[in-house]
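In: okay, predicted coordinates and the sequence, questions at the end:
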Amino acid sequence: MPKVTLEPAGADKRATVENLFQLYVHDFTDFWTERRVELGEDGRFPPYPPLAAYWSEPGAEPMLIRADGQVAGFVLIDRHSHSGLPTDFNMGEFFVARHYRREGVGRDAALEAIQVRPGQWELAVARRNTGAQAFWRRIAAAVAPEVEEIDRDDAVWNGLILRFVVA
Ligand SMILES: CC(C)(COP(=O)(O)OP(=O)(O)OC[C@H]1O[C@@H](n2cnc3c(N)ncnc32)[C@H](O)[C@@H]1OP(=O)(O)O)[C@@H](O)C(=O)NCCC(=O)NCCS
C-alpha cells in the first residue's frame, strides 16, 4: 500500500490543485442529473469560482494528497455548513486520482486530515455519489462514536450530510 502524506497546498501548489480539479469535475459528471456546464474551447471545464476561496478565506485549508511522494489527490477543508448547523470543519472537496483508488489512499488521507482537527465536523455527499457515501460512512464511523445523518433535498443541497464530533 502506498505511503500517504498530506502537504499544505500553498499558492505555489494552487495550479496543481486546479489541474486536479478538472479530473474531479469530470468524475462528478457521472452524478449530474442534467448537463450542468460545458467544456470550453480549450477542452477544460470552466473555473469553479468557490475554489479560489481556499487560498483567501480564513479557516480554509487546501492540501495535496501524496502517495509514495507522487501527487495523488487533494483535500480541501473549510468552515462551511450544508446543514446550517454550527460547524468547525467541513470536508469541502476530496479527491483521489483514479489510478490510486481502492488502495486505502483515500482512507489514510481522510483519517490524517480529520483526526488532528478536533471539533464538530460536517461533510456533504451528492445523492448519486454512492461510492463516496460508502467511503465517508466508513471514515465517520472510524473517527467518532456517533454519526448524525441528514438527508437534504432542496436548493441548498441534494444528498447526504454526515455530522460527527472528533474528540
Ligand atoms: C471516494 C474516493 C475519495 C475514495 O477514495 P479511495 O482512495 O478509492 O478510497 P479507499 O481505497 O481508502 O476506500 C476505503 C473504503 O471505502 C469504501 N469505498 C471506497 N470507494 C468506494 C466505492 N466506489 N464504492 C463503494 N465503497 C467504496 C470501501 O469500503 C473501501 O474499502 P475496501 O476497498 O477495502 O472495500 C474516490 O473514489 C474519489 O476521489 N472519488 C471521486 C471524487 C469524490 O467522489 N470525492 C468525494 C466527494 S464527497
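Out: Received, thanks. Numbering: from 1, shown residues only.
In: please, which helix or strand holds Glu122?
Out: Under the criterion of DSSP states H and E, Glu122 resides in strand 119-126.
In: partner strands of that strand, with direction?
Out: Partners of strand 119-126 in the sheet, by DSSP bridges, are strand 89-96 (parallel), strand 158-166 (antiparallel).
In: what's the end-to-end length of stretch 154-163?
Out: Stretch 154-163 stretches 18 Å from its first residue to its last (CA to CA, to the nearest Å).
In: can you pull the buried residues of that stretch?
Out: Of the residues in stretch 154-163, those scored as buried under the neighbour-count criterion (16 or more other CB atoms under 10 Å) are 157, 159-163. The way it works is simple: take the backbone N, C-alpha and C, and place the C-beta from them, glycine included.
In: returning to that earlier point: and the following helix or strand past the strand holding Glu122, what does it pack against?
Out: Read in the C-terminal direction, the helix or strand following strand 119-126 is helix 130-143, with elements assigned using DSSP H and E. Other elements packing on helix 130-143 under the criterion 3 or more CB pairs under 8 Å, 6 or more residues apart in numbering; DSSP states H and E are helix 105-115, strand 119-126, strand 147-153, strand 158-166.
In: the ligand contacts on this structure?
Out: Residues of the chain lying close to the ligand by CB under 6 Å from any ligand atom are 24, 27, 94-96, 101-107, 125, 129, 131-132, 134-135, 138.
In: hang on, the earlier thing: with pLDDT as new columns, can the buried residues of stretch 154-163 be given to me in TSV?
Out: Rendered in TSV, the data for the buried residues of stretch 154-163 read as follows (pLDDT from 0 to 100):
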residue	pLDDT
Trp157	95
Gly159	96
Leu160	98
Ile161	98
Leu162	98
Arg163	98
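In: from the residues you listed, which is closest to Ala67?
Out: In terms of CB to CB, no member of the buried residues of stretch 154-163 lies closer to Ala67 than Leu162, at 24.6 Å.
In: that closest one and Ala132 touch, don't they?
Out: No - the pair Leu162 / Ala132 is not scored as a contact, 10.6 Å apart, by CB atoms under 8 Å.
In: residues that sit against both of those two, list them.
Out: When contacts are counted by CB atoms under 8 Å, 6 or more residues apart in numbering, the set common to Leu162 and Ala132 consists of Val125.
In: and Phe21, how many residues sit next to it?
Out: Residues contacting Phe21 under the criterion other CB atoms under 10 Å number 19.
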